[in-house]
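In: model the structure of this input:
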Amino acid sequence: MSESMSASDVIEESATDVVGESANVWFPECDDSKKPFVGQIFNDLVKAVKFYRKYAKACGFVSRKSTKSVSNDGTIRIQYMLCNREGAAPNADELLLADDYFPKKKRKRSSCKVGCEAKIIFQIMSYGRYYVRIFVEGHNHKMVSAGTRHLLPSNRNIEPIHQYFMHAGIKANFGPMRTFRMYVELVGGFDKAGCTSIDFKNYVRDLNVHIVDSDAHMLLDTLKNKKEDCEGFQYFYDVDDENQLSRLIWTDQQSVNNYKYFGEAVSFDATYCTNRYKLIFTPFTGRDNHGKCVSFGAAIISREDMDSYAWVLKKFTECVGKAPRVFMTDQDPGLKKAVAHVWPDTHHRFCMWHITIKVAEKLPPNLRDDSEFKTKFGKIVWSDLNEPADFEENWMNLMNEYELNDNRWFSDMYADRSLWIPAYFRDISMSGLFRTTSMSESENSYFKRFLGKKSNLSVFYMNYNTALDSQRHTSKKLDLADEIGVPPMCTIHAIEKHASTLYTNSIFKEVQAEMKVAALSCIMSKMEGNKYVVDDNIDGLFTVTHDTVTDYFRCTCNLFTRKGYLCSHIFYVLRTLKVVEIPEKYIANRWCKSYMLSTFQATDKMTCPTRNLPIGNDALFKVFSNCIGHVNGDEELRKQLLADFIDVENKFKKLGKQNPMANSKAAMFNEFYGATPPDVPTVLPPAISKTKGSGAGGRRKSNMEKAITLSQKPLRNCKRCNTMAHHDSRNCPTKAQPK
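Out: Coordinates of the predicted model:
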């Protein structure tokens with residue numbers, strides 16, 4: 001049918017069109033107040049169309065707009081509405097012909113067309129009103145049963161409440177299916193959901209398509225607005241030669257405050273599969289006063305090279321004000337050069353785990369199963385008590401004993417010994433916070449629970465903020481436990497009680513362990529003037545020196561320098577000298593309870609200035625949830641609340657939706673992202689990054705990784721060698737003996 005027709009064509013139609021007498025005709029059963037009739041008048045066409053759609057919904061069929069007649073000034077004079085089963089389905093000959101012209105295999109879909117002639121025609125009157133000119137009530141098909149009517153397309157609409165749930169699900173990294181199942185449970189069943197899981201999936205698809213070419217531009221707009229609202233928020237970005245976003249770093253005031261207290265040592269490790277562009281996510285991680293991971297900022301980069309890492313380190317310094325004292329990374333060569341160039345005064349430290357895990361595969365075959373060598377090697381490289389000279393002597397002796405002096409890998413590791421051996425860090429303050437990148441690994445694993453590998457950049461940033469809020473919420477729970485909890489004492493000494501009032505519960509356990517060793521295992525071996533030789537029965541003799549001029553105690557184990565709290569040897573001497581409180585000079589602020597730190601007093605409040613923000617759906621949902629809680633368990637109050645809600649719904653049904661654009665899909669998308677796609681984006685989305693090991697063959701696995709993978713496979717019975725192994729007779733390593 002054509003898009004429009006003249007008024008004369010409509011007038012010539014018979015007003016008595018009915019279904020043929022030989023065909024079965026079904027007249028929908030419906031309340032008379034919902035049924036249209038010829039001559040019925042409506043104030044405007046919108047109300048007329050809405051009335052017929054409600055009628056169709058109540059009867060069990062779907063209506064659709066069809067032909068219309070439009071006057072020269074654009075006014076719709078006549079509007080047809082038909083049953084969606086009007087028209088004829090393609091016959092077999094048409095399908096075969098289509099296959100000839102379109103040889104590509106197409107989905108076979110059923111058709112609902114049965115030639116139904118039910119319809120209604122609205123025609124304009126004076127003053128913009130419309131009346132029903134023709135109404136054909138009968139259908140040539142049955143109405144949809146009541147149990148499935150909620151699945152009809154006309155009864156499935158994505159309403160604002162659905163959008164609110166989907167937006168919340170996206171921010172929490174819930175998929176549309178998981179979000180839909182949660183919504184179904186809340187409303188009481190699939191028939192009450194008002195849509196299907198496919199509608200949820202299609203909405204999320206459209207949400208992503210909405211900003212395909214403007215993804216990076218909209219994210220930068222969001223960051224710009226954030227910086228305008230929050231003075232402490234900072235971000236920097238860079239683009240490549242094709243004006244595509246290539247690197248981005250950001251941090252907020254809370255992160256900067258955390259860095260001031262906990263930023264002496266920072267762990268840095270890249271992680272992958274966090275966004276659709278495969279940009280490398282690189283968070284800066286430290287240990288807070290509870291010993292937990294704390295984020296100082298984050299960056300995403302498109303390449304893992306020296307220039308990208310140098311740019312990130314420079315911008316991070318601009319964000320937080322200074323470089324860290326110790327910087328823990330893996331052995332990435334580009335990162336090694338970047339740290340030396342940007343932070344020459346920072347002590348760059350390699351992750352010991354990444355190094356020692358390679359030992360087995362670098363050894364000659366005769367030593368790979370030598371447990372004695374591995375024990376000796378571990379004692380030499382992992383000890384915090386050795387001086388550099390001691391380590392070098394022990395290393396040389398081990399290499400000579402096992403004839404490894406010509407092994408290239410061990411020689412290279414010895415050349416880089418100042419970058420990973422604890423002996424070279426024992427005099428650096430707080431160097432003992434990290435010996436491996438395990439904190440970064442834990443941080444990356446934590447963030448990956450919130451980040452999705454198919455997320456665009458805007459959603460990635462939302463997910464990051466959700467993860468950061470969750471991390472800070474956990475920290476506040478620990479702060480509360482510190483304020484109201486009293487840890488149990490292990491000794492009767494007053495100095496232990498004093499320590500419990502200073503340190504967080506997590507760190508107090510470590511301090512308490514040192515005090516317990518001092519009480520149970522330490523004895524005074526020798527005392528000469530201001531020098532005390534203490535034997536702890538575990539690691540041997542240690543000398544505690546007391547400078548009477550500055551009243552400063554120093555132990556040869558250097559635990560206070562490395563970790564910021566006193567060792568068992570100094571605690572033993574303090575107890576001997578009848579000291580009942582930890583001297584103030586030995587109380588590191590970074591381990592104190594949060595309410596004792598001045599910055600945390602300020603950051604309990606919003607880091608952004610208070611402003612008149614628009615009321616969000618979350619505020620409305622919270623009030624709604626509170627109302628349900630108030631009437632929980634009281635049937636009469638529930639009935640009253642339901643009646644009140646129905647009254648409110650009817651009230652705002654008349655008041656709301658006056659602006660059609662306010663509920664348009666594009667408007668909802670823009671509200672979700674917090675920005676509007678520009679006509680011409682100034683910064684383009686990045687290209688898909690190629691991370692290390694992303695070639696056609698994938699990352700090369702080490703021999704140990706191959707062995708671990710093989711060990712996880714089930715054993716098979718090999719009929720050739722008659723053993724249970726990871727092979728069968730076809731690939732048995734035992735070769736047949738020649739006849």
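
In: tell me how far the residue nearest in space to the middle of the chain lies from Tyr572.
Out: Nearest to the geometric centre of the chain sits Phe450, at 2.1 Å (CA atoms, centre = their mean). Noted for Phe450: a distance of 46 Å to Tyr572, by CB to CB, to the nearest Å. Placement of C-beta: from N, CA and C, glycine included.

In: which residues touch Arg472?
Out: Gln254 (CB atoms under 8 Å, 6 or more residues apart in numbering).

In: tell me the SS of it?
Out: Counting by DSSP: H, G, I helix; E, B strand; the rest coil, the backbone at Arg472 sits in helix.

In: do you know the pLDDT at it?
Out: For Arg472, the pLDDT comes out at 95.

In: how near is it to Ser594?
Out: Distance from Arg472 to Ser594, by CB to CB: 11 Å.

In: what does His354 show for phi and psi?
Out: When read as degrees, to the nearest 10, the backbone of His354 gives phi -60, psi -30.

In: against Pro160, how distant is it?
Out: Relative to Pro160, and taking CB to CB, His354 is found at 50 Å.

In: higher neighbour count, those two?
Out: Taking other CB atoms under 10 Å, His354 and Pro160 do not tie; His354 has more neighbours (16 against 13).

In: could I get the contacting residues of that one?
Out: Neighbours of His354 in contact, by CB under 8 Å, 6+ apart: 330-331, 436-437.

In: of those residues, grab the buried ones for ChimeraX.
Out: To isolate the buried subset of these in ChimeraX, counting by 16 or more other CB atoms under 10 Å, use the following:
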select :330,436,437
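
In: widest-spaced pair of the contacts of His354?
Out: Greatest spacing in those, by CB to CB: Gln331 and Thr436 (12.3 Å).

In: and Ser525, which helix or strand is it part of?
Out: strand 523-528 (DSSP states H and E).

In: alpha carbons only: can I get stretch 709-724 in PDB?
Out: Extracted as PDB, the C-alpha positions of stretch 709-724 are listed here (Å, rounded to 0.1, in the frame of the first residue of the first chain):
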ATOM      1  CA  THR A 709      48.700 -27.300  31.800                       C
ATOM      2  CA  LEU A 710      49.600 -30.800  31.000                       C
ATOM      3  CA  SER A 711      49.300 -31.900  34.700                       C
ATOM      4  CA  GLN A 712      45.700 -30.700  34.800                       C
ATOM      5  CA  LYS A 713      44.700 -33.000  31.900                       C
ATOM      6  CA  PRO A 714      43.300 -36.400  32.800                       C
ATOM      7  CA  LEU A 715      45.500 -39.500  32.400                       C
ATOM      8  CA  ARG A 716      44.900 -41.900  29.500                       C
ATOM      9  CA  ASN A 717      45.600 -45.600  29.200                       C
ATOM     10  CA  CYS A 718      48.400 -46.100  26.600                       C
ATOM     11  CA  LYS A 719      48.100 -49.700  25.200                       C
ATOM     12  CA  ARG A 720      51.600 -49.500  23.700                       C
ATOM     13  CA  CYS A 721      53.500 -48.800  26.900                       C
ATOM     14  CA  ASN A 722      50.700 -50.100  29.200                       C
ATOM     15  CA  THR A 723      50.800 -47.100  31.500                       C
ATOM     16  CA  MET A 724      48.400 -44.300  32.600                       C
END
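
In: rewinding a little: the strand holding Ser525 pairs with which strands?
Out: Strand pairing for strand 523-528, determined by DSSP bridges: strand 531-535 (antiparallel).

In: what's the spacing between the partner strand and its chain's center?
Out: 52 Å (CA atoms, centre = their mean, to the nearest Å).

In: these two touch, right, Ser429 and His347?
Out: No: under the criterion of CB atoms under 8 Å, Ser429 makes no contact with His347, lying 10.0 Å away.

In: joint contacts of these two?
Out: Counting by CB under 8 Å, 6+ apart, the residues touching both Ser429 and His347 are Arg325.

In: assumed Val38 was part of a strand.
Out: No: secondary structure of Val38 (three-state DSSP): coil, not part of a strand.

In: next up, the contacts around it.
Out: Val38 neighbours (CB under 8 Å, 6+ apart): 15, 132-135.

In: quick one: buried ones out of those?
Out: For the contacts of Val38, buried by 16+ other CB under 10 Å: 132-135.

In: between those, which is nearest Tyr164?
Out: Of these, the one sitting nearest to Tyr164 (CB to CB) turns out to be Val132, at 37.4 Å.

In: if I look at that closest one, how far off is Lys54?
Out: Distance from Val132 to Lys54, by CB to CB: 14 Å.

In: cool, Ala89 as well?
Out: 28 Å.

In: now Phe350
Out: 70 Å.

In: neighbour-wise, which of those two wins?
Out: Phe350 (23 against 14).

In: burial of Asn405, as a residue count?
Out: Neighbours of Asn405 using other CB under 10 Å come to 11.

In: phi and psi next, for it.
Out: Asn405 adopts backbone torsions of phi -60, psi -30, taken as degrees, to the nearest 10.

In: helix or strand: which one has the residue lying closest to it once chain neighbours are set aside?
Out: Excluding its sequence neighbours, the residue lying closest to Asn405 (CB to CB, 6 or more residues apart in numbering) is Met399, at 5.0 Å. Per DSSP H and E: Met399 is located in helix 388-401.

In: contacts for that helix?
Out: 373, 376-377, 380-381, 383, 386, 404-405, 407, 410, 414, 417, 421, 423-424.

In: recalculate using a threshold of 7 Å.
Out: Applying CB atoms under 7 Å, 6 or more residues apart in numbering, the contact partners of helix 388-401 are 376-377, 380, 405, 410, 414, 421, 423-424.

In: buried residues in it?
Out: 391-392, 394-395, 398-399.

In: thinking again about what came up before, excluding chain neighbours, what is closest to the residue nearest to the centre of the chain?
Out: Counting by CB to CB, 6+ apart, Ala467 is the residue found nearest to Phe450 once chain neighbours are left out, at 3.8 Å.

In: residues near the one you found, how many?
Out: 22.

In: report the separation between it and Asp213.
Out: 27 Å.

In: cool, Met527 as well?
Out: Distance from Met527 to Asp213, by CB to CB: 77 Å.

In: can you map out the strands along the stretch 451-600 of the chain?
Out: 523-528, 531-535, 541-547, 552-555 (DSSP state E, counting those that start in this stretch).

In: what pairs with the longest one, parallel or antiparallel?
Out: Right, strand 541-547. Here, using DSSP bridges, strand 541-547 pairs with strand 531-535 (antiparallel), strand 552-555 (antiparallel).

In: list the contacts of that strand.
Out: 525, 530-536, 553-557, 569-570, 573.

In: now for those residues: which two are most distant?
Out: Taking CB to CB, no two of the contacts of strand 541-547 sit farther apart than Asn530 and Asp536, at 19.8 Å.
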